[in-house]
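Colleague: The following block contains a protein sequence and its predicted model.
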Amino acid sequence: MTATVFTEAVHPMAPLIASFHDLSLDEVIIAQSQTIVVGQVLGAIGVVANETVSSAAGSGNVGTSTIGSVTASTTAMDGTYNIVMLQTSQTGEFEVQRPDGTVDGTGKVGTAYTGQVNFTITAGGTVTIGDTFTVTVVRPTNEGGEQLKAWDPAATDGSAVPVAVAMYPVTTGSGQTARITAVRRDCTVRSADLTWKSGATAAQIADGTVQLAKKNIILR
């Protein structure tokens with residue numbers, strides 16, 4: 001007689017071992033075309049229409065160049081992007097650093113820059129090496145500022161950085177979103193109950209664990 005083996009799915013809220021306060025749990029919006037299971041590691045994409053984007057020239061700038069036409073893409077991080085002029089030239093090169101300190105890209109004065117943020121620096125007479133600019137992206141403090149989806153270390157839409165763990169399952173169709181409860185901070189979760197991206201390497205998962213730890217989501 002052949003025995004039938006049943007595999008029981010992880011129950012809602014089961015991955016949560018301990019929460020440090022009532023604010024550990026959030027109601028989040030799951031993006032379209034997602035199949036989320038309990039314990040799924042989630043990344044976030046920005047809802048551009050709900051973000052505030054501003055720019056400024058550095059107070060110590062020597063040159064008279066200006067920044068304008070500033071927008072954010074769906075991949076934009078919440079925080080301040082730093083732009084540094086690398087050359088003294090009317091078409092000088094500059095570097096853009098993301099809020100996490102990584103390089104977003106390089107561009108040139110007078111040419112529209114396209115990356116996680118988009119803008120144009122205009123010469124305005126003088127462009128000086130070392131001059132700086134900032135672009136700041138602010139998402140609303142409520143869930144309308146972003147949508148969550150399954151974490152994917154290869155994604156380019158912002159979901160490559162883990163930000164939460166799903167406590168309930170849900171499936172969304174094309175053009176559909178849904179609300180579920182997830183842990184986003186200050187808690188301990190059972191690592192055996194987590195679902196990472198299929199095919200993710202050990203190094204990618206280790207990095208994801210570090211990113212969750214930055215939000216004080218501790219794996220046990």
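Modeller: Yes, it's here. Numbers count the residues shown, from 1 in each chain.
Colleague: Return the backbone torsion pair for the residue lying closest to residue 133 once chain neighbours are set aside.
Modeller: Nearest non-adjacent residue to residue 133, counting by CB to CB, 6 or more residues apart in numbering: residue 83, 4.2 Å away. C-beta: built from backbone N, CA, C; applies to glycine. Main-chain torsions, residue 83, degrees, to the nearest 10: phi -120, psi 130.
Colleague: Now do the contacts for residue 83.
Modeller: 67, 94-97, 121, 132-135 (CB atoms under 8 Å, 6 or more residues apart in numbering).
Colleague: Specify which member of the residues you listed is nearest to residue 192.
Modeller: Nearest to residue 192 among the contacts of residue 83 is residue 97, at 37.4 Å by CB to CB.
Colleague: confidence score at the closest one?
Modeller: On the pLDDT scale, residue 97 is placed at 97.
Colleague: Just the buried ones among the contacts of residue 83, please.
Modeller: 67, 94, 96, 121, 133, 135 (16 or more other CB atoms under 10 Å).
Colleague: Let me have these in TSV, adding secondary structure and distance to residue 167 as columns.
Modeller: Shown next, in TSV, are the buried ones among the contacts of residue 83 (DSSP: H, G, I helix; E, B strand; the rest coil; distance: CB to CB, whole Å):
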residue	secondary structure	distance to residue 167
67	strand	42
94	strand	43
96	strand	36
121	strand	44
133	strand	41
135	strand	34
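Colleague: Between those, which sits nearest residue 56?
Modeller: residue 133 (6.8 Å).
Colleague: How much space separates the closest one from residue 73?
Modeller: Taking CB to CB, to the nearest Å as the measure, residue 133 falls 18 Å from residue 73.
Colleague: where does the spatially most central residue of the chain land in three-state SS?
Modeller: Central residue of the chain (CA atoms, centre = their mean): residue 158, 4.3 Å from the mean position. What DSSP: H, G, I helix; E, B strand; the rest coil gives for residue 158 is coil.
Colleague: Wait, it touches residue 75, no?
Modeller: Yes. At 4.7 Å, residue 158 counts as touching residue 75 under the criterion of CB atoms under 8 Å.
Colleague: Outline the domain layout of the chain.
Modeller: Per the record, the chain has its domains at 16-47+142-219, 52-138, by automatic domain parsing.
Colleague: how about low-confidence regions in the protein?
Modeller: 1-8, 141-144 (pLDDT under 70).
Colleague: again, 50 this time
Modeller: Along the chain, segments meeting pLDDT under 50 are nowhere present.
Colleague: which residue ranges form the helices in it?
Modeller: 202-214 (DSSP state H).
Colleague: ok, and the closest non-adjacent residue to residue 200?
Modeller: That would be residue 153: by CB to CB, 6+ apart, it lies 5.6 Å from residue 200.
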